[in-house]
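**Student:** Predicted structure and sequence below. I'll ask about it afterward.
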Amino acid sequence: MKPKPFELERIQSIYENSVEVNLTESGIEPLSIKELMTDKEIDELINIPMSYGYTQGSPELRSRISTFYKDYDYKNILVTSGSSEAIYLTALLLLSRQDELIMMTPNYLSISGVAESLGAKVSFINLEEDLNWSLDLEKLKAMVSKKTKLISLCNPNNPTGSIITKSDMEEIVSIADSVGAYIHSDEVYIGAEFSDDETISFQNLYNKTIVTSGLSKSFSNPGIRIGWLATQEELIEEAWGLKDYTTIASSILSQHIALKVLEKETVQRIRSRTKELLSTNLEIFNNWISPYSNTLSFIPPKAGGFVYIKYKMPINSSDLVHDLRENEGVFLVPGGSFGMDGYIRIGLGSNTETFKKGLALFSQGLNRIFPETF
Ligand SMILES: Cc1ncc(COP(=O)(O)O)c(C=O)c1O
């Protein structure tokens, strides 16, 4: 069966470049090569022969990525074309008919679409707003069975910005282990925390973890399309075999840039830029939303670069978003695209001028559609 359309990616691809303001940037304002590299490094880059290179990722890049994970080395890493390829390979590796995937929602719903197309059963478990966007683990315990092959989590979570506590992580691991399930942990937002405490990887806690991550979000480099899978060596070997069918290799030029992004000093520089931008925009957002607090509410995000706003107006999230896009030229993502209607996501990662302009257009639209309320 073919995968159904991946609505979230499609609406972003269609609209985010054509509207006046994209108020839902899912990452952090992207960097240019000029901002990232010295003239000497750029010169080195443009002299690299454009060969395929190592199709599983260069040993140097794989080693550098492996340092983010406990007791891993380059053999535990496969470099992919964006973390989206890593997610796709994860589903292909682990799921087939008869298997069950349990997935946290709201979420980036890519793995569920692939799982359904492979004939696997997909069940969803909601992060609960009343529980401060955490999972009810008694529910998870009741859902798992011997058929549960994979539990898919996004931590830090897109779109709520929540982070699973260490004790909940341990409990989730124990639930997964009780039925022999793997954990897929999408950790592409690690490094975009508001506090100085970095999110722990599930790989630290559970051997049967498949981490997908990459440079698109907290590292501000979506355009180089570098992601990775981090997991047990045998699974990496198998995934490499699948990659021969998908993209063969990630661009050799992108891998070279990625090495620079992942140098210790660059990581620190990018992370402090990320934190500063997010904190500035969150403060602006707090001031913006306070007069509307009877109608719009949100739980302050712990990480990730967005706020997930609950609204009380009687309108479907998709209708609201398209009305604002057509009339005010401002684009937001509807909660429905994450599997949870009644919410909209605003991105905090754009440059501050664009962000302010987007909020002004959003206010204008709310006032036009609901003049009694706004
Ligand atoms: C949670 C999450 N995971 C994965 C991806 C895929 O991103 P990429 O392929 O650029 O790494 C996205 C993109 O928006 C995302 O939000």
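**Tutor:** Sure thing, it's come through. Numbering: from 1, shown residues only.

**Student:** With adjacent residues omitted, what lies nearest to the residue of the stretch 201-350 of the chain found nearest the ligand?
**Tutor:** Residue of the stretch 201-350 of the chain nearest the ligand, by C-beta to the nearest ligand atom: residue 216 (3.3 Å). (C-beta placed from N, C-alpha, C; glycine too.) Spatial nearest neighbour of residue 216, excluding adjacent residues (C-beta to C-beta, 6 or more residues apart in numbering): residue 222 at 3.8 Å.

**Student:** give me the number of residues near that neighbour?
**Tutor:** Neighbourhood size, residue 222 [other C-beta atoms under 10 Å]: 18.

**Student:** show me the contacts for it.
**Tutor:** 27, 30, 82, 215, 216 (C-beta atoms under 8 Å, 6 or more residues apart in numbering).

**Student:** For residue 198, which non-adjacent residue is closest in space?
**Tutor:** Residue 198's closest residue in space is residue 190 (C-beta to C-beta, 6+ apart), at 6.4 Å.

**Student:** so that neighbour sits right up against residue 213, yeah?
**Tutor:** Yes: in terms of C-beta atoms under 8 Å, residue 190 counts as a neighbour of residue 213; the distance is 6.8 Å.

**Student:** which one of these two has more residues nearby?
**Tutor:** Ranked by neighbour count (other C-beta under 10 Å), residue 190 and residue 213 place residue 213 first, with 26 against 23.

**Student:** what is that one paired to in the beta sheet?
**Tutor:** Beta-bridge partners recorded for residue 213 (DSSP bridges): residue 228.

**Student:** for it, what are its contacts?
**Tutor:** So, once contact is read as C-beta under 8 Å, 6+ apart, residue 213 ends up touching 68, 83, 86, 186, 187, 188, 190, 227, 228, 230.

**Student:** Let's see that with 6 Å instead.
**Tutor:** Taking C-beta atoms under 6 Å, 6 or more residues apart in numbering, we find residue 213 in contact with 83, 187, 188, 228.

**Student:** give me the subset of those touching the ligand.
**Tutor:** With C-beta under 6 Å from any ligand atom as the criterion, the contacts of residue 213 include 83, 188 near the ligand.

**Student:** Redo the contacts of residue 213 as a markdown table? Include secondary structure and neighbour count.
**Tutor:** Below are these laid out as a markdown table (DSSP: H, G, I helix; E, B strand; the rest coil; neighbours: other C-beta atoms under 10 Å):
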| residue | secondary structure | neighbour count |
| --- | --- | --- |
| 83 | helix | 26 |
| 187 | coil | 26 |
| 188 | coil | 31 |
| 228 | strand | 29 |
